[in-house]
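# here's my sequence, what's the structure:
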Amino acid sequence: MTVSITRNASFTITDARYVGAKVGTDLRLLNNLYGKPALADIPNYVEEVALLLKNGYLDTVDYGFRKQDGESWLLRLRYRATTGGQLLDTRPGSLPTSVAVSGLSFYSYLTYSRSFHSLNATERSSFEDGLPFQRTGAPEPTASSGTTTNGNGYSRAGSGVTRDIYLAL
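The predicted model follows:
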C-alpha cells in the first residue's frame, strides 16, 4: 500500500508550535499526575515536535512509561503526524489518572516520516543538528496487550497530530 501525504505550504512554524504546545500541555499534565517528564524537558519536546511537523519529518512520537522489562509500554501517549482530511483540534487532557508508574522512568520514542528518510545523509544530519536534543537508535517498545483510546488530535492550517493512549492490561 502506498500512502501519499501532501503538506499544506502555508503551514508555518507558528502553526507547528501551536500543535506542539498542545502536546506540551499533555506532557505537563503527565508531570502533574506522575511527576514525569521533568518540566525543564518539556519545552524541548515541544520544539522538537514543532520542527519535525513544520518540515514534514514526523511520523510518530511516543511519550510514557515502560514496564520494568524496558521492552513494553505500560502507559504510552502516541502522536501521529496527520495532514488534511479529518483533522481534529481538541483540548489536551483526558489522560489516565491512576496508573501505577512508581519506580518507572519516563521514555520517548520517535519515528521519522518517509520524507525525512528520503533526505541524503548530510541533509538528515544537518536537520538533526538543529533539534533541541539528539536521539539515539533503540528498539521500539511493544504495546501488544492493552487498550488503546483515540479520538484526540491537535491541528492548525491543515496539519497536526492525532493522539492515542495505550494502557497495558
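# helix or strand: which one has the residue nearest in space to the middle of the chain?
Closest to where the C-alpha atoms of the chain average out (CA atoms, centre = their mean) is Val61, at 3.0 Å. For Val61, the element it lies in under DSSP states H and E is strand 58-66.
# who are the packing partners of that strand?
Packing partners of strand 58-66 (3 or more CB pairs under 8 Å, 6 or more residues apart in numbering; DSSP states H and E): helix 13-34, helix 42-55, strand 73-83, strand 106-112. Just so you know, the C-beta spots here come from the backbone N, C-alpha and C atoms, and that holds for glycine as well.
# specify the angle between the lowest-mean-pLDDT helix or strand in the chain and helix 42-55 in degrees.
Of all helical and strand segments in the chain, the minimum by mean pLDDT, DSSP states H and E falls on strand 146-156, at a mean of 94. Calculated by axes from the mean of the first three to the mean of the last three CA atoms, to 10 degrees, strand 146-156 forms an angle of 70 degrees with helix 42-55.
# just to revisit the earlier point, any buried residues in the strand holding Val61, and which?
Neighbour counts over strand 58-66 (16 or more other CB atoms under 10 Å) mark 58-66 as buried.
# going by distance to Leu27, which of these wins?
Tyr63 (6.3 Å; CB to CB).
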